[in-house]
Structure formats: structure tokens, C-alpha cells
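>>> Show me how the following folds:
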Amino acid sequence: MGFIQLKSRAKINLSIDVVGKREDGYSLVEMIMQSIDLYDIIKIKEIDNNSIKIRSNSSNMPLDRRNIAYKAAELFKKEFGISKGLEIYIEKNIPIAAGLAGGSSNAAAVLVGLNKLWNLNLTETELKNIGVKLGADVPFCISGRPALAQNIGEELTDIKGLPYGTNIVVCKPNLFVSTKDVYQDLNMKVINSRPNTKFLLNKLEEEDLESVSKNMVNVLESVTSKKHRQINEIESIIMGANALGALMSGSGPTVFGIFKNQEDALNCKLELLKRYEQVYFTNNSDKGVEINV
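Residues are numbered from 1 along each chain as shown. Below is the predicted model of the structure:
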């Protein structure tokens, strides 16, 4: 019986701009995506019958076909006509429904894992083409390399990401935010502040961490922070702890801060832990899914 174990990493957005809408209602976006070294552990093993079982250390997510990891396994089996059963164990460390692509990252790990387990030798591009059927963030999570994401988020261009070893603090307040509602409530006519994507890409290229951090913009933040004061509250604590910059990731509610000094970052984490439970210190990464050898 085959078995494989993988890391599936979270992502943050250094910028999000919404540049239009498609006729089918999907928003057209321009985002800078960066993986971070906060990850779930995915263990996949073959079982005797033809079923898919999801198990987890977390009771906060569905363990049936509503789970995107289940959908990934089901799609993969169907795509290649494979009738082997699977048990997928998800050790959750990435906060759930947080704007960190935790679910998409789990789905990406299932695709990468099954490709390896069943010796299908699919290329990264082929895996991404399957992944986009599950969600717009899945293709990015497969490679995890820093990227400019366009169209609905699935069109990826590799870029230079944050300098190696950048100190990042991530804080998720105990809130639920509906991505769909945030995009629906965004009024395209009254977006006051948009990211200068070209400027940010140039500053990443120059490894100018300060300029990148100070000029990060997420247009969705205006919607989420109006409904939830905690977004601005967390940003204030982060900036008060000597961060170079702070921003909400995705549609929220997670906020992250970028720090020059590790000591400042760790002090900030302690400060945030006085009010919030889910606070993490991490670094940037240029990997998404990684097979544990």
C-alpha cells in the first residue's frame, strides 16, 4: 500500500487590485502572491476499498466531500480512471477560512501527492490545469513560487518575491469572512487606494523591503475593515511594534506584518497573543507543496 507525506504552505498577498468583472460575475484581479513557511502536513495512504476518507486534528472543517482536499482526490481519480481508495489525514496548522489559501494549499498537496504516489509523471503545468478546476488559488499553491496573479487569479507570472528570511507575523482574529460577499460589496467606482503593482514588482526586484512593505495595498480591505474593526486594530498593534508594513491577506480576516528585525517580530507576536489566539511568527518561502522525503 502506498503512502506519502507532504507540506502544504499558506500564502499572503502583498497586493490585491480588482481591475474589472467578467460576464459570469467573477472579478478580474491583479495580485502579488507570496508563500510563507506556515504549513499543514498532509498524509495520504492507499486503502483497500474505493472510498475517500478525510481525517484531521481540526474539528473546524468538513471531513466529507465538501472538503476541497476530498474534491481534489475525487477529481484526480476520475481524471485518470483510478479506482484505489484513499485516506487523507490533514494536520491543520494554517488558520481556516483566513485568506491564507489553506484549503487550496491542501488540495494542491493532494494533487502533487497522488501524481507522485501513482507515478503519473504529470508536469507542474498539467497539475495546475487540473488544480484550476478546484479553485483559482490552487495553481499558485502547487508551485508556491512568488507570482503576479491575473485574470481570476489563475494566470501566474513568476516574479522575485520577498528577500530570503523576511520576518513575518500573521494574526487571524476569531471572525468568519465570506470571500463572495466581500467581492460583491466592493464598489469599483469608489476604490480610494489602489496598489501600484509595477512599482511593487520593481522594488521586489531591487530587494527594497522597506518600499515594498510601505506600499502594500489590498482593495478588499476597505470592505472587510468596515465590517470588522479588528482588522484596523491588529494593523495598529503591528505598526506600533516597529513593523515596516501591515496588510490584510486575501478577503480577510487575517492580517500580516513585515519586520526588519526578528526581535521586533517576536515582541509583536507576544503583544498580539494578549488579545488573539491565532498568531504566528514565520518567514517567506519560495515553495508551495513539498514532498517530505
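
>>> What does the pLDDT read for the nearest residue to Met248 once chain neighbours are set aside?
Residue nearest to Met248 in three dimensions, not counting chain neighbours: Glu221, with 4.4 Å by CB to CB, 6 or more residues apart in numbering. All C-beta atoms are positioned from the backbone trio N, CA, C, and that covers glycine. pLDDT for Glu221: 96.

>>> In contact with Glu221, which residues are there?
Taking CB atoms under 8 Å, 6 or more residues apart in numbering, we find Glu221 in contact with Ile231, Leu247, Met248, Gly252.

>>> Specify the local secondary structure of the last one.
Meaning Gly252. Recorded secondary structure, Gly252: coil (DSSP: H, G, I helix; E, B strand; the rest coil).

>>> ok, it - how many residues close by?
28 (other CB atoms under 10 Å).

>>> next one: the second one
Summarising burial for Leu247: neighbours were counted as other CB under 10 Å, giving 23.

>>> Give the bridge partners for it, please.
Phe256 (DSSP bridges).

>>> Check what pLDDT it gets.
pLDDT at Leu247 comes out at 98.

>>> contacting residues around it?
Ile12, Asn13, Leu14, Met216, Val217, Asn218, Glu221, Glu235, Val255, Phe256.

>>> on that earlier part again, out of the contacts of Glu221, which is nearest to Lys133?
For the contacts of Glu221, the minimum distance to Lys133 (CB to CB) is 25.4 Å, reached by Gly252.

>>> Where does pLDDT dip in the stretch 151-293 of the chain?
The stretch 151-293 of the chain contains residues with pLDDT under 70 at 293.

>>> quick check, Pro195 in a strand?
No: read with three-state DSSP, Pro195 is coil and lies in no strand.

>>> between the contacts of Leu247, which is nearest Lys21?
Asn218 (17.8 Å).

>>> I'd like to know how many residues surround that closest one.
Counted with other CB under 10 Å, residues neighbouring Asn218 total 28.

>>> distance between the lengthiest strand in the chain and the chain's centre?
Determined from DSSP state E, the single longest strand within the chain is strand 27-47. Computed by CA atoms, centre = their mean, to the nearest Å, the chain-centroid distance of strand 27-47 equals 5 Å.

>>> and if you look at stretch 249-256?
10 Å.

>>> so how far does that stretch reach from one end to the other?
Terminal residues of stretch 249-256 are spaced 7 Å apart (CA to CA, to the nearest Å).

>>> Show residues contacting it.
11-13, 16, 36, 95, 98-101, 168-173, 175-179, 182-183, 218, 220-221, 223-225, 228, 230-231, 234-235, 238, 246-248.

>>> Apply 6 Å and report the result again.
Outside stretch 249-256, the residues that touch it by CB atoms under 6 Å, 6 or more residues apart in numbering are 12-13, 98-100, 168, 170-173, 175, 177, 179, 182, 220, 224, 228, 234-235, 248.

>>> Please apply the same query to stretch 119-138.
Stretch 119-138 has contacts (CB under 6 Å, 6+ apart) with 71-72, 101, 104, 107-108, 111, 115, 139, 142-143, 152-154.

>>> and with 7 Å instead?
Contact partners of stretch 119-138, identified using CB atoms under 7 Å, 6 or more residues apart in numbering, comprise 68, 71-72, 75-76, 79-80, 101, 104, 107-108, 111-112, 115, 139, 142-143, 152-154.

>>> what about the helices in the chain?
Applying DSSP state H to the chain gives helices spanning 68-80, 102-117, 124-131, 138-143, 179-185, 197-205, 209-214, 221-227, 230-240, 262-273.

>>> And the second one, what does it pack against?
Applying 3 or more CB pairs under 7 Å, 6 or more residues apart in numbering; DSSP states H and E, we find helix 102-117 packed against strand 3-21, strand 27-47, helix 68-80, helix 124-131, helix 138-143, strand 289-291.

>>> buried residues in the fourth one?
Burial within helix 124-131, assessed by neighbour count using 16 or more other CB atoms under 10 Å, is assigned to Leu127, Lys128, Ile130, Gly131.

>>> Closest to Lys274 out of those?
Nearest member of these to Lys274, counting by CB to CB, is Gly131, at 38.8 Å.

>>> where does that closest one land on pLDDT?
97.

>>> measure it to Asn192 for me?
Noted for Gly131: a distance of 34 Å to Asn192, by CB to CB, to the nearest Å.

>>> Then Glu91?
Counting by CB to CB, the separation of Glu91 from Asn192 is 41 Å.
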